[in-house]
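Engineer: quick check, what structure comes out for this input:
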Amino acid sequence: MQYLNTTHGTDILEALVDVIVENRNYLSEVDGAIGDGDHGINMAKGFRLCGESIQGQSLGLSKALGTLATTLMGSIGGSMGPLYGSFFLGMSNAIKECEALDARAFGDMLTGGLNALQGISDAQVGDKCLLDTLVPAVDDYRRAADNGEDFPAALDALRQGAERGCESTRELEARIGRAARLGERSRGHLDAGAVSCRLLLVTLADSTERHLEKAAA
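Structural biologist: The predicted structure follows:
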């Protein structure tokens, strides 16, 4: 059996920071098609500030996710700060007492984040938003883990669910946010929140897999 030692919080958080900062222009380009065009700018600002605040620190995963949550809530304007902040805070709270995560516990962490986000938002899958990425990704992960798939296979299910969910927003009509004013004209474009969520989930899966350890027999 493989597990994730939660002492790797700083490494995992730095990977999340890097992928958002590196995709700053891309995220704003996606957002510019049907929104304000500032998603990449705002996200990169929040993640960069978090990265700077943890330099030289060795954080457990719960503490790292909590730090990210607090930073995003305080630095990102609009809805993304509270949404992503709640997501990462929910994950942090779900593993506060954990020293190691097996595949099922990792799934509990993801579910904790999803539940926290849904607790502050009326958005639903199909609204052309980040939930269109997050919900199928978490569902696919949980299904794989519950069916006895090993940790790497469950992480691959997370990636595939995120990719599929994100791509689904291309043909959806926006029902929330500024893009909703475009109606049918919002079809044919990806949702920026769904794209940033895909980047984060895929990176989380990649970084987690790199740090997996085998339990002693």
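
Engineer: and the strands in the chain, which stretches?
Structural biologist: For the chain, the strands defined by DSSP state E occupy 2-5, 100-101, 212-214.

Engineer: tell me how far the last one lies from the chain's centre.
Structural biologist: Which is strand 212-214. 22 Å (C-alpha atoms, centre = their mean, to the nearest Å).

Engineer: surely Glu171 touches Leu190?
Structural biologist: No: at 9.9 Å, Glu171 does not count as touching Leu190 under the criterion of C-beta atoms under 8 Å. The C-beta positions use only the backbone N, C-alpha and C, and glycine is treated the same way.

Engineer: settle it for me: which of these two has more neighbours?
Structural biologist: Using other C-beta atoms under 10 Å, the more surrounded residue of Glu171 and Leu190 is Leu190, with 22 against 11.

Engineer: tell me the phi and psi of the more buried one?
Structural biologist: Dihedral angles phi and psi of Leu190 (degrees, to the nearest 10) take the values phi -70, psi 150.

Engineer: and it, what does it touch?
Structural biologist: Applying C-beta atoms under 8 Å, 6 or more residues apart in numbering to Leu190 gives the contacts 30, 33, 166-167, 169-170.

Engineer: which one of those is nearest Arg185?
Structural biologist: Ala33 (10.0 Å; C-beta to C-beta).

Engineer: for the closest one, which residues are in contact?
Structural biologist: 189-190.

Engineer: try 7 Å
Structural biologist: His189 (C-beta atoms under 7 Å, 6 or more residues apart in numbering).

Engineer: run a quick neighbour tally on Gly78.
Structural biologist: Neighbours of Gly78 (other C-beta under 10 Å): 14.

Engineer: I meant Cys50, not that one.
Structural biologist: 23.

Engineer: what's the closest non-adjacent residue to it?
Structural biologist: Thr71 (4.0 Å; C-beta to C-beta, 6 or more residues apart in numbering).

Engineer: correct me, but the one you found touches Lys45?
Structural biologist: No: using C-beta atoms under 7 Å, Thr71 is not in contact with Lys45; the gap is 9.8 Å.

Engineer: please identify which of the two sits among more neighbours.
Structural biologist: Thr71 (24 against 19).

Engineer: which one is Arg142 nearest to, not counting chain neighbours?
Structural biologist: Arg142's closest residue in space is Gly107 (C-beta to C-beta, 6+ apart), at 4.9 Å.

Engineer: buried residues in stretch 18-36, which are they?
Structural biologist: 19-20, 23-24, 27-28, 30-31, 34-35 (16 or more other C-beta atoms under 10 Å).

Engineer: now the terminal residues of it, how far apart.
Structural biologist: 23 Å (C-alpha to C-alpha, to the nearest Å).

Engineer: and it, how far from the chain's centre?
Structural biologist: 15 Å.

Engineer: quick one: average pLDDT of that stretch?
Structural biologist: Per-residue pLDDT over stretch 18-36 has a mean of 94.
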